[in-house]
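>>> Just a sequence and a predicted model for now, questions to come.
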Number of protein chains: 2
Amino acid sequence: MTAQEKLTKKNNEQKVICVGLDSDLNKIPSHLKSSESPILEFNKSIIESTYKFAAAYKVNFAFYEKDGAEGFELIEKTIRLIPDDILIIADAKRGDIGNTSQMYASAVYDYFKCDAVTIHPYMGSDSVNPFLENKGKINFILALTSNKGANDFEKLRLEDGSFLFQNVIKKVKEWNKNKNCGIVFGATQIEELSENVKLFGDLPVLLPGIGAQGGSLEDVIKVFKTNNRLNILINSSRGIIYKDISNKFTESAKNEIIRLNEIVKNTLKL
Amino acid sequence: MTAQEKLTKKNNEQKVICVGLDSDLNKIPSHLKSSESPILEFNKSIIESTYKFAAAYKVNFAFYEKDGAEGFELIEKTIRLIPDDILIIADAKRGDIGNTSQMYASAVYDYFKCDAVTIHPYMGSDSVNPFLENKGKINFILALTSNKGANDFEKLRLEDGSFLFQNVIKKVKEWNKNKNCGIVFGATQIEELSENVKLFGDLPVLLPGIGAQGGSLEDVIKVFKTNNRLNILINSSRGIIYKDISNKFTESAKNEIIRLNEIVKNTLKL
């Protein structure tokens, strides 16, 4: 199955929630810390308890890289635990000159066998192209991010009055020859989302920022419903995986994603 | 020694060349391929033959990440081979929301013990801040890169008529409270370099793009000499490490960096 097919299948079941595996030894339940590989044990428990309800998993590479080679091994082992029909996003925020981006693309697609990746647009088309050569994947390019710093550059006005992030979205649509581009758009940016959703065309959209970052799931769903489209993934990391750090964390994570799925269903019904 | 002290010491000796370790199994001398760890053997030979002449080494993370955990181990082992008084740049082009950038900063500074890193500015101040909390390091933020794609966004004109990359440079100067910021400016962008060098203030500058990418070392040095400053690193990767892929590659790499150092000295004398 291509990444787009996986996404469409889940969206057709009204599943849009992407579970972010921002797994941190300092935050996982303490009873796991005595196990041989606490983070792997944690990820395994989270995946087993949520996969029936999840539309995708997002592996935040930074949380693993900080432990060097051991962390990279954990990414590999975690990815193997995710069922085949669920999209896996390498949230790696990469991007460099062509021959280097080639290697980054090889890392996430050939080595780690992910379905999708997040990419920085700053260096332009030839920094993104090596990713786009991978058909059947989804390359989520940063447009407007969920953090305050989005105001520094992403929301700068260009000479034609448009915002930089709008220009990025336009370019992404031009780059979408292989139908394997998507964008990242912060769920915290709800006004901008309403105003720009038509500009997205049919691009798949990854929306981080609900939960710990303050974005409203209901508001995001309403925008897409009003525009008669889904093709979206709404990420929650801390809100699901650290919902509860007692012995019952798997039950709590499961209940939380079920609760989010209910909000989605109810909002789509409105 | 802080990263800035290492850089200043080398620049005072008229050394500005940064050796880029873009080490690729498909490109290294074939006689090394039978060794137990060909890339490590290659890096060791390159470092041993060039360290007396180099101002810095730049480890291009992508070239190692493509081999997963094994690649990350190679980064670690390579870094241990570099003498203490030479700056080590993690060319990783990272940048994410705050709590994630914190982890990326921890990877390059705490785990890999690099002196410097390259960072994407797109997500703004809070994506860069966790790196800037590391005093004594140099955080090289992408301003104008050496590739063609630099035209897509970096050279877009803002409503006040300035270029996006100029706005990035201004922000970097504001962010430089801990005197640990620098910028990346492509050596291929010689006209823009002349026109903007005054805007840099005293920020350290990492200039990629001489050699394989076509930038002229002499032209770059002239610009900084005219402006009475150095505080620069000029990177050459393929031009040094793959100068020759015969049995004599170490001799050729050494001769090439000596040749580049001569150009620097002669140009500074003009």
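That came through fine.
>>> Give me the local confidence score for A:G214.
Looking at A:G214, its pLDDT is 89.
>>> quick one: it and A:A187, what's the gap?
Noted for A:G214: a distance of 9 Å to A:A187, by CB to CB, to the nearest Å. C-beta: built from backbone N, CA, C; applies to glycine.
>>> So between the two, which is more surrounded?
More crowded of A:G214 and A:A187, by other CB atoms under 10 Å in any protein chain shown: A:A187, with 26 against 10.
>>> Who does the nearest residue to the more buried one once chain neighbours are set aside form a beta bridge with?
Leaving aside its sequence neighbours, A:A187 sits nearest to A:G215 (CB to CB, 6 or more residues apart in numbering or on different chains; 3.2 Å). Note on A:G215: beta-bridge partners A:I210, judged by DSSP bridges.
>>> Contact partners for A:G215?
A:S146, A:G186, A:A187, A:T188, A:I190, A:L207, A:G209 (CB atoms under 8 Å, 6 or more residues apart in numbering or on different chains).
>>> Report the backbone C-alpha coordinates of stretch A:168-177 in PDB.
C-alpha atoms of stretch A:168-177 as PDB (Å, rounded to 0.1, in the frame of the first residue of the first chain):
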ATOM      1  CA  VAL A 168       5.700  27.600   0.300                       C
ATOM      2  CA  ILE A 169       2.300  26.000  -0.200                       C
ATOM      3  CA  LYS A 170       2.100  27.300  -3.800                       C
ATOM      4  CA  LYS A 171       5.600  25.800  -4.500                       C
ATOM      5  CA  VAL A 172       4.600  22.500  -2.900                       C
ATOM      6  CA  LYS A 173       1.700  22.200  -5.300                       C
ATOM      7  CA  GLU A 174       4.100  22.800  -8.200                       C
ATOM      8  CA  TRP A 175       6.500  20.200  -6.900                       C
ATOM      9  CA  ASN A 176       3.700  17.600  -6.500                       C
ATOM     10  CA  LYS A 177       4.300  15.900  -9.900                       C
END
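>>> Correct me if wrong: A:L74 contacts A:G68.
No - judged on CB atoms under 8 Å, A:L74 makes no contact with A:G68 at a distance of 10.6 Å.
>>> Going by how many neighbours each has, rank those two and give me the top one.
A:L74 (21 against 18).
>>> got the buried residues for the helix or strand containing the more buried one?
A:L74 belongs to helix A:68-80 when assigned by DSSP states H and E. Going by neighbour count (16 or more other CB atoms under 10 Å in any protein chain shown), the buried part of helix A:68-80 is A:G68, A:A69, A:G71, A:F72, A:E73, A:L74, A:I75, A:T78, A:I79.
>>> With pLDDT and distance to chain B as extra columns, can I get these in a markdown table?
Converted to a markdown table, the buried residues of helix A:68-80 look like this (pLDDT from 0 to 100; distance: CB to the nearest CB, whole Å):
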| residue | pLDDT | distance to chain B |
| --- | --- | --- |
| A:G68 | 98 | 5 |
| A:A69 | 98 | 4 |
| A:G71 | 98 | 8 |
| A:F72 | 98 | 4 |
| A:E73 | 98 | 4 |
| A:L74 | 98 | 9 |
| A:I75 | 98 | 8 |
| A:T78 | 98 | 13 |
| A:I79 | 98 | 11 |
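>>> ok, so of these, who is nearest A:V197?
Closest approach between the buried residues of helix A:68-80 and A:V197, by CB to CB: A:I79, at 31.2 Å.
>>> quick one: contacts for the closest one?
Shown in contact with A:I79 (CB under 8 Å, 6+ apart): A:V59, A:I88, A:F112, A:K113, A:C114.
>>> The same query, at a cut-off of 6 Å, please.
The contact partners of A:I79, by CB atoms under 6 Å, 6 or more residues apart in numbering or on different chains, come to A:I88, A:F112.
>>> who in the stretch 51-200 of chain A is up against chain B?
A:60, A:62-63, A:65-66, A:68-69, A:72-73, A:93, A:96-97, A:100, A:103-104, A:106-107, A:111, A:120, A:122-127, A:145, A:147-149, A:152-153, A:156-159 (CB under 6 Å from any CB of the partner chain).
>>> For A:I17, name its beta-bridge partners.
A:I234.
>>> isn't it right up against A:R259?
No - between A:I17 and A:R259 there is no contact, the gap being 10.1 Å when judged by CB atoms under 6 Å.
>>> Which of these two has more residues huddled nearby?
Between A:I17 and A:R259, counted using other CB under 10 Å, the more crowded position is A:I17 (26 against 13).
>>> what's the spacing between the more buried one and chain B?
Distance of A:I17 to chain B, given as CB to the nearest CB, to the nearest Å: 19 Å.
>>> Hmm, A:L164 is touching A:L156, no?
Yes - taking contacts as CB under 6 Å, A:L164 lies within contact range of A:L156: 5.0 Å.
>>> can you count the residues close to the residue nearest to A:Q4 when sequence neighbours are not counted?
Counting by CB to CB, 6+ apart, A:I138 is the residue found nearest to A:Q4 once chain neighbours are left out, at 6.4 Å. For A:I138, the count of nearby residues is 27 (other CB under 10 Å).
>>> Output the longest helix anywhere in chain A as PDB, restricted to C-alpha atoms.
Secondary structure of chain A per DSSP state H: the longest helix is helix A:249-269. In PDB, the C-alpha atoms belonging to helix A:249-269 read as follows (Å, rounded to 0.1, in the frame of the first residue of the first chain):
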ATOM      1  CA  PHE A 249      -1.000   4.200  31.100                       C
ATOM      2  CA  THR A 250      -1.900   1.900  28.300                       C
ATOM      3  CA  GLU A 251      -5.600   2.000  29.200                       C
ATOM      4  CA  SER A 252      -5.500   5.800  29.600                       C
ATOM      5  CA  ALA A 253      -3.700   6.200  26.200                       C
ATOM      6  CA  LYS A 254      -6.300   4.000  24.600                       C
ATOM      7  CA  ASN A 255      -9.200   5.800  26.200                       C
ATOM      8  CA  GLU A 256      -7.700   9.200  25.100                       C
ATOM      9  CA  ILE A 257      -7.500   8.200  21.500                       C
ATOM     10  CA  ILE A 258     -11.000   6.700  21.600                       C
ATOM     11  CA  ARG A 259     -12.200  10.000  23.100                       C
ATOM     12  CA  LEU A 260     -10.400  12.000  20.300                       C
ATOM     13  CA  ASN A 261     -11.900   9.700  17.700                       C
ATOM     14  CA  GLU A 262     -15.400  10.400  19.200                       C
ATOM     15  CA  ILE A 263     -14.800  14.100  18.900                       C
ATOM     16  CA  VAL A 264     -13.900  13.600  15.200                       C
ATOM     17  CA  LYS A 265     -17.000  11.500  14.500                       C
ATOM     18  CA  ASN A 266     -19.300  13.800  16.300                       C
ATOM     19  CA  THR A 267     -17.900  16.900  14.600                       C
ATOM     20  CA  LEU A 268     -18.100  15.300  11.200                       C
ATOM     21  CA  LYS A 269     -21.800  14.500  11.900                       C
END
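>>> For it, enumerate the helices and strands it packs against.
Other elements packing on helix A:249-269 under the criterion 3 or more CB pairs under 6 Å, 6 or more residues apart in numbering or on different chains; DSSP states H and E are helix A:38-50, helix A:217-226, helix A:238-241.
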